[in-house]
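> Fold the following, please.
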Amino acid sequence: MAGALTPAAVATTPASRTAPAGQHQQPQKRQKQNSDDRTVRVALNEMSPAVPTENGTVTLTGTVTNTGRSTVTDAHVGVRVGLNGQPMASRSHLAEIAQRTDFTYDDGDEIPDRVADLPSLSPGVSHPFTLQVPVKELNLRGNGVYQLGVSLTGETKKTSGPQVLGIVRTFVPWYPDPNQTKHTQVTMVWPVIDRPHMDARTDADTRRTPVLRDDRLAADLAPGGRLGQLVSVGKDLPVTWVVDPDLLATVDTMADGYKVAADDVSIQDAEPGTGSEVAARWLNEFRAAVRGKQVIALPFADPDLASIAHRGKNVPETLVHLDSAQQLAVETTRTVLGVEPRTDVAWPMDGAADRSVVNVARATKADTVIVNSSALGSGSMDRTPDSPRPLGGGATALVADSALSTAFDGDNAVAGESTLAVQQFLAQSLMITMEAPSSKRSILVAPQRWPTASAAQTMAKALVEGRDGGWITPVDLRTLERAAPDKGADRTLPPASEYPGRLRKQELSTATFGQIRDTQDSLRGFLQILSRKDRADTPFSNAVLRSMSNSWRTDAAAGRAYRASLQEHLSGLRNAVRIRDKSDVTLSGSSGTLQVTVENNLNQKVENLVLELRSTQKQRFTVGQAQKVTIDGRHRKSFEFPTSAHANGRATVVAQLLTEDGVPYGEPVTFQVNVTSVTGTVLIVIACGVLLLILAGARMYRQRKRAALQDGTGADHDGAAEDAEDAVPHEEAEDDAVRGAVDGGDRGPFDDGGESTGDVPHGAGWPEPAGTPGWEPGAARERRSGDPGPDTADGDPVPDAADEKVER
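Purely as a prediction, here's the structure:
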């Protein structure tokens, strides 16, 4: 923040300095001024060098801005050394004075002859300044940290003379004699982490092109982008890299070509991604940067360990997801970066940890946890403890110094912020060195999880300046871990009740973990029916891990949208395999067949399914046994079920798909069967047949009788035979009619009524049988209204292909 006050030292009254004749007069009043009276904002844009040397010159450049309502006249900018030129006594002084916003006696007098005159400043007007001060005029003494202020003195219509109208404070690390102290080992973790970008969907083309939810990652990977700067700046630094393998997998996918579709955009409307070239270039640069360096791989997608510990660990399968994320981290990092990563180090959000968080981290086989010093204090020690702290049970906390780690949290894109951050880092680290100058110290710096591009540059400058200044020796994490723990340092983690309230409000809820579990259950059922499980398993399982990412803490709405989108896409795929709606059916007879159609709109074969028809009135109507279902992609198949009716009337039938272990798959389809009795009809047909036989016999008898009377016995025989031959076909016809009436109620159109009608691709046509639609001669068949035939008719619209997923 431009013009913000930086940490200074404990107040002591400075010695009076008298300005030589002709020099600017000191303010008439040196009493404390209220912050409301500060009408000018002073921004220190650069201090060069950051670490002064003997016989050198310090150059200070910046800007002053009139933030008041009155014009400032007779203004100049000057330099002040606070605390009467004494070095700061302790690190606590930095925090104390960092809260100060007023000009006081403690800020000291201006250094004579080292001022810059300014023109009158109207309200809202800014003006740059440059000051050059020889180091010897700062009157710095031995090794230590000194307070330096840049102030604007001037008048307004409300003042009776010159007054300090604005001041900015910074620090001067002074280390002229390196032999007086031992160096401080500093490990800086360098996070290369981002939020999830990969969609669970892929394009339906032959390559199954991956899809990203947006194309912002392309800009971040560019040379001037956030991730581009983290790699290009960090490649020459002695840092320990911390990576999210999900980011590596996403960039590797981008390099091979990808598409972009937001949640509300269909796959068919996805646009080609623009970042393939920049992704490939970034990966190559990153591989070169980490070669020979230590790389820590977080669990895949950087899961929120604290949320899991406090709200998710008791939800079934949550800890199983962590184990999967850990295994995937090793595989991904090894494959994409070509290095063997460490996965035994956990880093909860902001390093905030309690006992439950460490226990969850250890469930991932991470016995080393990066913890902020706000969670583990100094204990009985009067100095900053070294980083390693044994926690017992084989667990170790590597404590990150809070002041050093948060030094870069501001808006480092503003020059004034960046300069103050560098000087604060240098001051804090030198103060640690000066606390125990005869001891080699070991300190960990864990900056914010998602450093901006400007923060990366500021962090690099601070680390290099401290190294070149002579009191910092950068080391990797393994070297830091070998440092001997301080016996007096606090090693007891706080309980979960003391977890920071600000961070607790950001946690994923128990309901959210329940939603994630439901998604996993749905995915498990879906995978059971696929012949190519890998096409859905990888992308959706990875998406489930992304649902638990730390990144959703800073954008809860985006996290909710991601999880909802995941559920929606998975439901769309599951619903692509379904029972087609069926209208009510009328069956004439005591038995017959029912036909039910199952369609598969996926692009791969489904199997391991069972189709079951269940009557809710079994005493009235029963259906045959369930049948196994196997259907090729983009096909539908009809299944025939034998039925038996025991009474007239309506019966409800429920059709349901089941997985082979009996779990319902998809929504059931319910329809009505109206059973019409055929018993009376059969009796009439039989009676008619008997009557015809009697009449035929009587006719034959009469014919024979007449023939015998007219021609004699031989003629009677021939005539009877001849008439009998004429009569036999009629008898057979009547008998066939009777059998047709009787058997027709017991047989369906297929003798083996349990067989399906075949596997037919969408778009194929099958003509309706001759005669009345829905009825075949010689069989009692269901009569339907609007029910689909056993195959898709010509011109039947085919639903859009459901998108299957492919993950690289």
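
> What does the pLDDT read for Asp735?
The model reports Asp735 with a pLDDT of 34.

> Now Val251. Nearest residue, chain neighbours left out?
Spatial nearest neighbour of Val251, chain neighbours left out: Ala279 (4.8 Å); criterion: Cβ to Cβ, 6 or more residues apart in numbering. C-beta coordinates here come from the backbone N, C-alpha and C atoms, glycine included.

> Paired strands for the helix or strand where Gln595 lies, with orientation please.
Using DSSP states H and E, Gln595 maps to strand 591-600. In the sheet, strand 591-600 lines up against strand 577-579 (antiparallel), strand 635-645 (antiparallel) (DSSP bridges).

> How far off centre is that strand?
Per Cα atoms, centre = their mean, to the nearest Å, the displacement of strand 591-600 from the mean C-alpha position of its chain is 42 Å.

> what's the answer for stretch 550-568, then?
7 Å.

> If we go by neighbour counts, what in it is buried?
Of all the residues in stretch 550-568, those buried under the rule 16 or more other Cβ atoms under 10 Å are Asn550, Ser551, Trp552, Arg553, Gly559, Ala561, Tyr562, Arg563, Ser565, Leu566, Gln567.

> Return the closest of those residues with respect to Leu657.
Distance to Leu657 across the buried residues of stretch 550-568 (Cβ to Cβ) is lowest for Gln567, with 19.8 Å.

> Show me what the helix or strand hosting the closest one is in contact with.
In this assignment (DSSP H and E), Gln567 forms part of helix 556-574. Defining contact as Cβ atoms under 8 Å, 6 or more residues apart in numbering, one finds that helix 556-574 is touched by 195-196, 199-201, 213, 263, 506, 508, 512, 515-516, 518-519, 522-523, 525-526, 536, 540, 543-544, 546-547, 549, 551-552, 602, 665-666, 802-805.

> hmm, try it at 7 Å
Contacting residues not belonging to helix 556-574 are listed as 196, 200-201, 263, 515, 519, 522-523, 526, 536, 540, 543, 546-547, 552, 602, 666, 802, 804 [Cβ atoms under 7 Å, 6 or more residues apart in numbering].

> before we move on, back to that, what secondary structure does the residue nearest to Val251 sit in?
With DSSP: H, G, I helix; E, B strand; the rest coil as the basis, Ala279 sits in helix.

> and it, what is it in contact with?
Leu221, Val251, Met254, Ala255.

> of all those, which comes closest to Gly124?
Looking across the contacts of Ala279 and measuring by Cβ to Cβ, the closest to Gly124 is Leu221, at 39.1 Å.

> Contact partners for that closest one?
Leu221 sits next to Leu227, Gly228, Val251, Gly275, Val278, Ala279, Trp282 when contact means Cβ under 7 Å, 6+ apart.

> Next one: it from Val189, what distance?
With distances taken as Cβ to Cβ, to the nearest Å, Leu221 is found 21 Å from Val189.

> Also Ala95?
Counting by Cβ to Cβ, the gap from Ala95 to Val189 is 23 Å.

> So for the two, which sits in the more crowded spot?
Shown here are Ala95 and Val189; by other Cβ atoms under 10 Å, Val189 has more neighbours (22 against 13).

> following whichever helix or strand the more buried one is part of, which helix or strand comes up?
Assessed by DSSP H and E, Val189 sits inside strand 184-192. Counting by DSSP H and E, the next helix or strand C-terminal to strand 184-192 is strand 198-202.

> Could you write out the alpha-carbon coordinates of stretch 149-160 in PDB?
The C-alpha trace of stretch 149-160 is given here as PDB (Å, rounded to 0.1, in the frame of the first residue of the first chain):
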ATOM      1  CA  GLY A 149      11.600   7.500   7.700                       C
ATOM      2  CA  VAL A 150      10.800   9.700   4.700                       C
ATOM      3  CA  SER A 151       8.600  12.600   5.600                       C
ATOM      4  CA  LEU A 152       6.900  15.600   3.900                       C
ATOM      5  CA  THR A 153       7.000  18.900   5.800                       C
ATOM      6  CA  GLY A 154       4.900  21.800   4.600                       C
ATOM      7  CA  GLU A 155       2.100  24.200   5.400                       C
ATOM      8  CA  THR A 156      -1.700  24.400   4.800                       C
ATOM      9  CA  LYS A 157      -4.100  27.200   5.600                       C
ATOM     10  CA  LYS A 158      -4.900  25.300   8.800                       C
ATOM     11  CA  THR A 159      -1.300  25.300  10.100                       C
ATOM     12  CA  SER A 160       0.600  28.200  11.700                       C
END
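
> isn't Phe129 right up against Arg114?
No: using Cβ atoms under 7 Å, Phe129 is not in contact with Arg114, being 11.6 Å away.

> Please enumerate the helices of the stretch 401-550 of the chain.
Here the stretch 401-550 of the chain has its helices, by DSSP state H, counting those that start in this stretch, at 402-405, 415-435, 453-469, 477-481, 501-504, 510-528, 534-546.

> any idea how far Ala436 is from Ala222?
As judged by Cβ to Cβ, Ala222 and Ala436 stand 45 Å apart.

> Stretch 179-193: end-to-end distance?
In stretch 179-193, first residue to last residue: 39 Å (Cα to Cα, to the nearest Å).

> Would you mind listing the buried residues in it?
Thr181, Lys182, Thr184, Gln185, Val186, Thr187, Met188, Val189, Trp190, Pro191, Val192, Ile193.

> Point out where the chain drops to low pLDDT.
Within the chain, the stretches with pLDDT under 70 are 1-38, 98, 677-690, 705, 707-808.

> and if we set it to 80?
By pLDDT under 80, the weakly predicted segments of the chain are 1-38, 95-101, 204, 206, 415, 677-691, 693-808.

> From the centroid of it, which residue is nearest?
Arg546 (3.0 Å; Cα atoms, centre = their mean).

> Now that one. Nearest residue, chain neighbours left out?
Among residues not flanking Arg546 along the chain, Pro196 sits closest, at 4.0 Å (Cβ to Cβ, 6+ apart).

> next one: phi and psi at that neighbour?
Main-chain dihedrals, Pro196, degrees, to the nearest 10: phi -60, psi 140.

> Quickly note the distance from it to Thr343.
19 Å.

> So which of the two has more stuff around it?
Pro196 (24 against 20).

> Identify the residues contacting that one.
Shown in contact with Pro196 (Cβ under 7 Å, 6+ apart): Asp246, Ala301, Arg546, Ser549, Ser551, Tyr562.

> do the same with Arg287
Here Arg287 is in contact with Leu337, Gly338 (Cβ under 7 Å, 6+ apart).

> Which of the helices or strands spans it?
Element membership for Arg287 (DSSP H and E) is helix 276-290.

> Convert that helix to PDB, retaining C-alpha atoms only.
Extracted as PDB, the C-alpha positions of helix 276-290 are listed here (Å, rounded to 0.1, in the frame of the first residue of the first chain):
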ATOM      1  CA  SER A 276      -1.400 -25.200 -26.200                       C
ATOM      2  CA  GLU A 277       1.800 -23.500 -27.300                       C
ATOM      3  CA  VAL A 278       2.300 -21.500 -24.100                       C
ATOM      4  CA  ALA A 279       1.500 -24.600 -22.000                       C
ATOM      5  CA  ALA A 280       4.200 -26.700 -23.800                       C
ATOM      6  CA  ARG A 281       6.700 -23.900 -23.400                       C
ATOM      7  CA  TRP A 282       5.900 -23.500 -19.700                       C
ATOM      8  CA  LEU A 283       6.200 -27.300 -19.100                       C
ATOM      9  CA  ASN A 284       9.600 -27.400 -20.700                       C
ATOM     10  CA  GLU A 285      10.800 -24.400 -18.600                       C
ATOM     11  CA  PHE A 286       9.400 -25.900 -15.500                       C
ATOM     12  CA  ARG A 287      11.100 -29.300 -16.100                       C
ATOM     13  CA  ALA A 288      14.400 -27.500 -16.500                       C
ATOM     14  CA  ALA A 289      13.800 -25.400 -13.400                       C
ATOM     15  CA  VAL A 290      13.300 -28.400 -11.100                       C
END
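
> Lovely, talk soon.
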